[in-house]
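**Student:** Just need the structure, nothing else, for what follows:
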Amino acid sequence: MMRALILSLLLSSGAAGAGAAQTPRPEDIVKAEPVSLAPTQDGKLDVTRFLLVQSPRGAALSAEGTHIAWISDITGSPQIWTMPVSGGFPDQLTYGSGVDWLEPGPSGHWLYGADTDGDERIGMHLLTIDGNKERTIVEKSPAFRSFGAWSRDRRRFAYSSTERNGTDFDIYVTDVETGQSRRVYDGKGGFYAAAWQPGGDLIAVNETRGGGNNLHLLNAATGEMTTVFEPKTIAEYSSIAWKPDGSGFYLSTNQSSDYHEIAFYDVGRARLETIIKPGFDVGQIALSPDGRYLVWTTIETGFSRLHARDLSTGHDIPVPKLPSGTMSVQFAGERPMLLISANSPTTAGEVLSWDMSAKDVAARVLVPTDAPGLDLSQMVVPEPVRFAARDGAPLTGLLYLPTTSPDGRKPPVFMRIHGGPSAYATPGFSADIQYYVARGIAVLDFNYRGSTGQGKTFEQLNDREKKVDEVGDLADAAEWLRKSGRVDGTRIAVGGGSYGGYLTNQALGTYPDMFVAGVSIVGVSDWVTALEQASPGLKAADKLEFGDIADPKVRAFFAKLSPINNVAKISTPMLVMHGANDPRDPVAESDRLVEGIRANGGTVTYLRFPDEGHGIARLANRVHGYRRIAAFLEDRFGLSR
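**Tutor:** As a prediction, this is how the structure comes out:
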């Protein structure tokens, strides 16, 4: 979904302002030590146990369905691992600073993208299944890039890049054999290839449009772009799945409803027909290579639910029993073998396969979770909670309650704010949440207005001037926690990353006495500079969701909304984390916030990572960061360590 681009913002290093040279101080620069397993103390496990849980992510089946590959940071940075589907010992295929994403390539190959220390400037590389041979297909450059889609024969792929002018995302097509890339469409804003027509030259293309997208068809041979959907009211068109004959495609859309529906678009007749109304937002759609089986997931209070239909009969069919949590699905390139990446607190992520042509409705575990020294059966499963905001908006979240209390009182609570805002709380295994809960801290993973997964109306409740209402949701959640009687309402902390970091900064300046602690990770502090200097991918969406920052009224509104203007009011102790190479929300934002807090006599701990980007990816840095956060929260909550 295109709103996910609003995760964070790109600012210039000059945005730090006067006095920023005093921050960071030498003690702010993190020098993480090598990872080691700390001994259990007073029955409390060290965070390393949780972070060493190896949940395979970005799993992909090879085009012929014989091998599976995934990304794991077991070596300390995210790398590609692979093994035969039939079983065997995993092999590490990549090394270096880390891998960003993985795609099945032509027969016998993988394609992957890698940046440098989180700078998000991607190079693309073709790797043989055994990892013995590698070839760079698209050289790394200062441009931003986004992988798009493979042609059915996997001889070509499409991607988007700002190579031409550093601002707009154009669409390129690359010939794998020659390694030559050709610009086929000059975009204005954000244009992203989504799915390539089997046996043809048409590529479904998403155009960023605030909280949704327009949908076009691009002819890769001629460069001609034809608009399919450009509605007056913002809508989403996602999860494009072409029929094998190329006559049309299935998709998820909320064009004519609050929740997503599954529809089919006939290209020849230019006709859209709704075929399934799930009554929930749709997470993902997948179509088997032979076009017989349609699979989709729904989002139900954050939990994923799998559905399947045999299109030859029109009837829904039974699906395997899966862990209760989140999931993503994809088919192998040549047969109806469904790959399911399932994640729950008690399984912590595993990759399964379901052969839909078999008589038995059963999923087989291909890549299990490795949880050294951690009993996953003891992990806490969250409880979905619902309550109303002051204006009646339906707020939700996932509440994790510890099984024991270290001080014999009701547990303190950490209100965790997700990024986005186009995201939502999910009940997968979260190392940091389970670590806090194991130490006697309750966690409310909170969905404020603007979160996805709850329909179009709720998602648009924080657009433009309505953004002023978001911070009130945090106050209403704190009030609900106090009245619930299940936690200690006098000990509530708030924290989050990216947009969640912004809301943390904003809440502490708006409600100085409401929280006992705040944790801000890669958060925005100044909306004016953020919107002025947003990265190319973000600018395409910003004007519709935020407004035009060149408009004096819009500028004045966001200047007033910016946390940096309330920095003198932040009296709550804070812990701030940021990666020095962050290309979305540069570290100058946190430098400036920390400098302001210190100048006003506030209390702030600053963790500035020299080898990270927008988030903390390296294992050693994550261990260091979460240990510091837990110690900070325990100190503020008055819990013994």
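**Student:** What ranges does the stretch 351-500 of the chain have for its strands?
**Tutor:** 364-367, 383-388, 394-400, 413-417, 442-447, 492-497 (DSSP state E, counting those that start in this stretch).
**Student:** Save those strands as TSV, and put in distance to Asp463 and mean neighbour count too.
**Tutor:** Any C-beta I mention is one placed from the backbone N, CA and C, and that applies to glycine too. Listed next are the strands of the stretch 351-500 of the chain as TSV, based on distance: least, C-beta to C-beta, whole Å; neighbours: other C-beta atoms under 10 Å:
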stretch	distance to Asp463	mean neighbour count
strand 364-367	40	18
strand 383-388	20	14
strand 394-400	17	22
strand 413-417	18	28
strand 442-447	16	26
strand 492-497	20	26
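**Student:** Tell me which of these lies nearest to Asp245.
**Tutor:** strand 364-367 (30.4 Å; C-beta to C-beta).
**Student:** Contacts made by the closest one with the rest, please.
**Tutor:** 56, 59, 68, 70, 83, 85, 90, 339, 350-354 (C-beta atoms under 8 Å, 6 or more residues apart in numbering).
**Student:** do the same with stretch 287-295
**Tutor:** Stretch 287-295 is contacted by residues 241-245, 250, 262, 285-286, 306-312, 317, 329, 331-336, 338, 356 when judged by C-beta under 8 Å, 6+ apart.
**Student:** Off-centre distance for stretch 449-465?
**Tutor:** Distance of stretch 449-465 from the chain centroid (C-alpha atoms, centre = their mean, to the nearest Å) equals 17 Å.
**Student:** pLDDT of that stretch, averaged?
**Tutor:** Across stretch 449-465, the average pLDDT comes to 88.
**Student:** Check what pLDDT Val587 gets.
**Tutor:** For Val587, pLDDT reads 89.
**Student:** Which among the contacts of stretch 287-295 count as buried?
**Tutor:** For the contacts of stretch 287-295, a burial check counting by 16 or more other C-beta atoms under 10 Å picks out 241-243, 250, 262, 285-286, 306-309, 311, 329, 331-333, 335-336, 338, 356.
**Student:** Mind checking which of those residues land in strands?
**Tutor:** Judged by DSSP state E, these include 241-242, 250, 262, 285-286, 306-309, 329, 331, 338 as members of strands.
**Student:** Can I get those residues in JSON lines including distance to Ala425 and pLDDT?
**Tutor:** Formatted as JSON lines, those follow (distance: C-beta to C-beta, whole Å; pLDDT from 0 to 100):
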{"residue": "Ala241", "distance to Ala425": "27", "pLDDT": "97"}
{"residue": "Trp242", "distance to Ala425": "32", "pLDDT": "97"}
{"residue": "Tyr250", "distance to Ala425": "28", "pLDDT": "98"}
{"residue": "Ile262", "distance to Ala425": "24", "pLDDT": "97"}
{"residue": "Ile285", "distance to Ala425": "23", "pLDDT": "96"}
{"residue": "Ala286", "distance to Ala425": "24", "pLDDT": "96"}
{"residue": "Leu306", "distance to Ala425": "20", "pLDDT": "97"}
{"residue": "His307", "distance to Ala425": "22", "pLDDT": "97"}
{"residue": "Ala308", "distance to Ala425": "26", "pLDDT": "97"}
{"residue": "Arg309", "distance to Ala425": "29", "pLDDT": "97"}
{"residue": "Val329", "distance to Ala425": "21", "pLDDT": "94"}
{"residue": "Phe331", "distance to Ala425": "28", "pLDDT": "89"}
{"residue": "Leu338", "distance to Ala425": "26", "pLDDT": "93"}
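**Student:** Out of those residues, flag the one nearest to Leu127.
**Tutor:** Closest to Leu127, out of all of those and judged by C-beta to C-beta, is Phe331, at 21.5 Å.
**Student:** Now do the contacts for Lys456.
**Tutor:** Taking C-beta under 8 Å, 6+ apart, we find Lys456 in contact with Gly211, Ala235, Glu236, Asn254, Ser257, Asp258, Tyr259.
**Student:** Make CSV out of the strands of the stretch 351-500 of the chain and add distance to Asp473.
**Tutor:** Converted to CSV, the strands of the stretch 351-500 of the chain look like this (distance: least, C-beta to C-beta, whole Å):
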stretch, distance to Asp473
strand 364-367, 38
strand 383-388, 10
strand 394-400, 6
strand 413-417, 10
strand 442-447, 8
strand 492-497, 11
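**Student:** Quick check, pLDDT for the residue nearest to Lys277 when sequence neighbours are not counted.
**Tutor:** Closest residue in space to Lys277, ignoring its immediate chain neighbours: Glu261 at 5.1 Å, by C-beta to C-beta, 6 or more residues apart in numbering. Glu261 is assigned a pLDDT of 96 by the prediction.
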